[in-house]
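Visitor: Kindly return the folded structure for what I paste below:
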Amino acid sequence: MNFNFSEVLTRAWQITWKYKILWIFGILASCGRGGGNGGGGNSGGSSSRPSDGSGFDPNNLFPRDMFREAGRWLNDNWWIIALIVLAIIVLILLFYYLGTIGKIALIKGTFKAEQGVESMGFGELWSESQPYFWRVFGLSFLIGLAFLVIFLPIVAIGILTAGVGFLCLLPLICILVPIGWALSVILEQADAAIVLEDKSMFDGFKRGWEVTKNNIGPMIVMALILGIGGAILGIIIALPIIITVVPVAIGVV
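Guide: Numbers count the residues shown, from 1 in each chain. Next comes the predicted model:
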């Protein structure tokens, strides 16, 4: 199959430049792609550590009264924590909804652009994307749920074995990474089939598998081009921030 990468990239740029409304939906689509993670660490001394004579007592870093007061406050104000958790859940659902609609609108808008329409409106693309939401969302949810079922035991084994389990399961994890990438490519094609061919979730996935299987070479190359290009663009955008922050961080240290 003769796949002209430069022509595809040039055409994509021409479409996004002419129909700038797609930029808005591109931003919305990014809402559903991102994930949050957090981590923390703690450190402390033995309760038998003496003061060093400077008036600093390491035993007073985390007074027991402070933990008791915190526990009492949480017990008396549990509803605040419940509201915060509820607000977080609502925000996650909202961002996922916006991300899914943004992705559908991009597919719809790109197709309309290829058909030669002169202009597109935000409300037009928004309303036309609604009928496909549950199918696109449902397919993503099922695939995500399947990966969650696979990864949860791996994480549990790693935690219970103090990390040793991760080393034992490393070959499996290495296999799951390309499988996850392949599924994401199939999912992109399935979404297009659902939106453009009005297919059901499972028929859309079958269609996505067929398209990916028949064009696996070009898709791998295109993914590498977009991945490397996106990384370079991200570095260029972040470079001014890095240049500003690094001297400040060094000065603080």
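Visitor: Just the buried residues of the strand or helix carrying residue 81, please?
Guide: Residue 81 is located in helix 78-114, with elements delineated by DSSP states H and E. For helix 78-114, a neighbour-count test (16 or more other Cβ atoms under 10 Å) marks 95-96, 98-110, 112-113 as buried. The C-beta positions use only the backbone N, C-alpha and C, and glycine is treated the same way.
Visitor: on contacts alone, who are the packing partners of that helix?
Guide: Helices and strands touching helix 78-114, by 3 or more Cβ pairs under 8 Å, 6 or more residues apart in numbering; DSSP states H and E, are helix 5-18, helix 21-31, helix 122-129, helix 133-160, helix 170-196.
Visitor: Out of those, which is closest to residue 222?
Guide: Residue 222 sits nearest to helix 5-18 of all those, at 6.6 Å, using Cβ to Cβ.
Visitor: Now do the closest one and helix 21-31, the angle between them.
Guide: Counting by axes from the mean of the first three to the mean of the last three Cα atoms, to 10 degrees, helix 5-18 lies at 100 degrees to helix 21-31.
Visitor: What average pLDDT does helix 5-18 get?
Guide: Mean per-residue pLDDT for helix 5-18: 73.
Visitor: next one: it to chain centre, how far?
Guide: Averaging C-alpha positions (Cα atoms, centre = their mean, to the nearest Å) puts helix 5-18 25 Å from its chain's average.
Visitor: Could you export it as CSV, CA atoms only?
Guide: The C-alpha coordinates for helix 5-18 follow below in CSV (Å, rounded to 0.1, in the frame of the first residue of the first chain):
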residue,chain,number,x,y,z
PHE,A,5,2.8,10.5,4.9
SER,A,6,3.8,14.1,3.9
GLU,A,7,0.5,14.4,2.0
VAL,A,8,-1.5,13.2,5.0
LEU,A,9,0.3,15.6,7.4
THR,A,10,0.0,18.5,5.0
ARG,A,11,-3.7,17.9,4.5
ALA,A,12,-4.3,17.6,8.3
TRP,A,13,-2.5,21.0,8.8
GLN,A,14,-4.6,22.6,6.1
ILE,A,15,-7.8,21.4,7.6
THR,A,16,-7.0,22.5,11.2
TRP,A,17,-5.8,25.9,9.9
LYS,A,18,-8.9,26.5,7.8
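Visitor: What are the contacting residues of that helix?
Guide: 22, 23, 26, 110, 113, 114, 218, 221, 222, 225 (Cβ atoms under 8 Å, 6 or more residues apart in numbering).
Visitor: Now, of these, which are buried?
Guide: Applying 16+ other Cβ under 10 Å to the contacts of helix 5-18, the neighbour count classes 22, 110, 113, 222 as buried.
Visitor: which of those lies closest to residue 82?
Guide: Closest to residue 82 out of these is residue 22 (39.5 Å), distances taken as Cβ to Cβ.
Visitor: which residues touch that closest one?
Guide: So residue 22 contacts 15, 16, 105, 106, 109, 110, 113, 120 (Cβ under 8 Å, 6+ apart).
Visitor: now swap in residue 210 and tell me
Guide: If you count contacts by Cβ under 8 Å, 6+ apart, residue 210 has none.
Visitor: Flag every buried residue along the host helix or strand of it.
Guide: Per DSSP H and E, residue 210 falls inside helix 201-214. Buried positions in helix 201-214, judged by neighbour count with 16+ other Cβ under 10 Å: 201, 204, 205, 207, 208, 209, 211, 212.
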